[in-house]
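With the sequence up front, the predicted model follows.
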Amino acid sequence: MHVTTDDAPAPPLSDAHALLAGRTLAVLTGAGLSTDSGIPDYRGANSPRRTPMTFQDFVSDEAHRRRYWVGSHLGWKAFAGTQPNAGHRALASLEAAGQVAGLITQNVDGLHLRAGSHRVVELHGHMRSVICLACHTEFARDEIAGRLERDNPALAVPDAVELGPDGDVLPQSWQHVSVPDCEVCGGILKPDVVFFGELVPAERTRAAEAIVDQAEALVVAGSSLAVNSGLRLVTRASRRGVPIVIINRGATKGDRFADLTIDAGTSETLAGLAGELTAAARPA
């Protein structure tokens, strides 16, 4: 069933409530959930038009690494000013009420944790830490940012940037920037995010699958499911025969597996759905 809300003042949630009430939920979120926090998605009308950094380019070319580190640093600083929206807070409230068994996100912005969700699998990583690709030492992002700004003082006072959903922006100039390397072994440092062309770590995949396997329904919010790491979780839930509800502006690659698709904004829809599910769970 497909529901569109273009002409409606609020999403019609009765069908979603009927499918989800009384069930523990797994939730999969994508970039569309964070647009109301000021972070663009990849495919919307206002999305930045640029080619994302690939893992192969990053490891094989120093100029690509330099460009990425400048853009990632500026994006990381911009991320710090964003706040969770009503959708993030609604999912945190459902987890607190015992109705969300776990949350899987394709986003790297950390907004679910800041909203108060606890069982979160950040499938594509996060911006809070940096790892060495050679010796696997992990560093706090603040520490690496301090080194980057110490060696490149202009980065400490950046101009306004066009933020990307992966925390990377396209800087005006980066050719002469000095980028940090690993203080332990001299290896290449990389923010703990999954680049295009890079595999999701197996332990994260297993953790995400466990959440889907333990839940009695799956809700997808703000993802076009164009990336296989997310779509595989939808097909996994479909094979189990549990209800699947997809909330997204526009079609997704997983629509054929869904029991219900809602073409609407995620924050207002999740807020409304959380209110209904929580009210229904209260004792009379």
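Yep, it's here. Because the structure is a prediction, the values reported are computed rather than measured.

Now whichever helix in the chain runs longest: buried residues?
Counting residues, the longest helix found in the chain (DSSP state H) is helix 62-79. Residues 65-79 are the ones in helix 62-79 that count as buried (16 or more other Cβ atoms under 10 Å). Any C-beta I mention is one placed from the backbone N, CA and C, and that applies to glycine too.

give me the number of residues near Gln83?
Residues lying near Gln83 (other Cβ atoms under 10 Å) number 12.

Distance-wise, check the closest residue in space to it that isn't next to it in sequence relative to Ala208.
The spatially closest residue to Gln83, leaving aside those adjacent along the chain, is Ser37, at 6.1 Å (Cβ to Cβ, 6 or more residues apart in numbering). Distance, Ser37 to Ala208, by Cβ to Cβ, to the nearest Å: 22 Å.

Looking at these two, which is more packed in?
Ala208 (25 against 21).

List the neighbours of whichever strand or helix holds the more buried one that are in contact with it.
Ala208 is part of helix 202-214, with elements assigned from DSSP states H and E. Residues outside helix 202-214 that contact it (Cβ atoms under 8 Å, 6 or more residues apart in numbering): 24, 26, 101-104, 119, 121-123, 218, 229, 233, 236-237, 240.

closest to Asp142 among these?
Glu122 (18.1 Å; Cβ to Cβ).

Phi first, then psi, for the nearest residue to Thr235 once chain neighbours are set aside.
Computed as Cβ to Cβ, 6+ apart, the closest residue to Thr235 that is not its neighbour in sequence is Phe257, at 6.3 Å. For Phe257, the backbone dihedrals (degrees, to the nearest 10) come out as phi -90, psi -10.

burial count for Phe257?
20.

just Thr82 next, same as before
Neighbours of Thr82 (other Cβ under 10 Å): 16.

show me the contacts for it.
By Cβ under 8 Å, 6+ apart, the contact set of Thr82 is Ser34, Ser37, Gly38, Ile39, Asp109, Leu111.

quick one: least confident of those residues?
Ranked by pLDDT, these bottom out at Ile39 (86).

I'd like the distance between the residue nearest the centre of the chain and Ala90.
Residue closest to the average C-alpha location in the chain (Cα atoms, centre = their mean): Asn107, at 1.2 Å. For Asn107, the distance to Ala90 (Cβ to Cβ) stands at 16 Å.
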